[in-house]
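>>> Predicted coordinates and the sequence they were generated for:
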Amino acid sequence: MLQTHAKTIMNQTTGSTRYKLLVVEDEADLQELLRFNLEREGMNITLADTGEAAVDLARQQPFDLILLDLMLPRMDGLEVCRRLKADEATAPVPVIMVTAKGEEADVVIGLELGADDYITKPFSTREMVARVKAVLRRSRFRHDESGDASETIMLGPIEINADRHEAHVDGERLDLTATEFRLLLMMTDRPGRVFTRQQIIERLHGGHTAVTDRSVDVQVVSLRRKLGKHADLIQTVRGVGYRVKD
Ligand code: CA
């Protein structure tokens, strides 16, 4: 029954499709735009036009990424995200939310549910493709490095050694508090990914209720000051949170 809402369109031009994407969108024009531009990148696209169909499909077959419109009839995108992340089988699949302008509150909820990123309508196809590729790259990177305990993260001028609790910028060791170090490590480990203040509090302080959004801002200000001329590596995402430049 739900299956009738979804149709699979295989990429017939190239036999070697690398990534399987589930695109959840109810507007025909946008479906077509997304499908066309992602297939052109050699991706294999499955379309779902309801949230119910999306959850169903994601449980039946493995996808590398789900592009999820938040404004869907009946079951909305946030509910879809909630269900995907609550199911062990679908929880690891990265989700990029597609949202309307001014919906920062929904974006915050979605990120806290476990979505990886979001795109705001109207978006350029170039930006959309770049975001999809970035999330796929990050996701693959995470899989590759599993099991490797001692790791050094390099991002532009930053070098972080997680084991030794050391961070260097332009070769100079940073004098960071334990909290600042963990904040920098957490964000640098997933460049481009937006963290909400609540996620930062949860990961750094175990969700301690005495830690306020304001104190997260204070830590970011302090960390930026210590990064000196590279302060802009930590970007503020208005109404949502913070990220490290991709
Ligand atoms: Ca929609």
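Great, that's in hand. Residues are numbered from 1 along each chain as shown.

>>> contacts and neighbour counts: CA atoms only from here.
OK.

>>> interface residues of the chain facing the ion?
Taking CA under 5 Å from the ion as the contact definition, the chain meets the ion at 71-72.

>>> Show me the strands in the chain, by range?
6-9, 20-24, 44-48, 65-69, 95-100, 117-121, 152-155, 158-161, 166-169, 172-173, 195-196, 234-237, 241-244 (DSSP state E).

>>> need these in TSV with mean neighbour count and mean pLDDT, can you?
Formatted as TSV, these follow (neighbours: other CA atoms under 10 Å; pLDDT from 0 to 100):
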stretch	mean neighbour count	mean pLDDT
strand 6-9	14	40
strand 20-24	24	97
strand 44-48	24	96
strand 65-69	25	97
strand 95-100	23	95
strand 117-121	19	93
strand 152-155	15	84
strand 158-161	20	90
strand 166-169	18	92
strand 172-173	12	92
strand 195-196	23	94
strand 234-237	17	96
strand 241-244	21	95
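
>>> Reformat those strands as a markdown table; add distance to residue 106.
As requested, the strands of the chain are exported to a markdown table (distance: least, CA to CA, whole Å):
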| stretch | distance to residue 106 |
| --- | --- |
| strand 6-9 | 25 |
| strand 20-24 | 17 |
| strand 44-48 | 21 |
| strand 65-69 | 11 |
| strand 95-100 | 8 |
| strand 117-121 | 10 |
| strand 152-155 | 30 |
| strand 158-161 | 32 |
| strand 166-169 | 34 |
| strand 172-173 | 38 |
| strand 195-196 | 12 |
| strand 234-237 | 14 |
| strand 241-244 | 13 |
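
>>> Could you check how far residue 222 is from residue 193?
20 Å (CA to CA, to the nearest Å).
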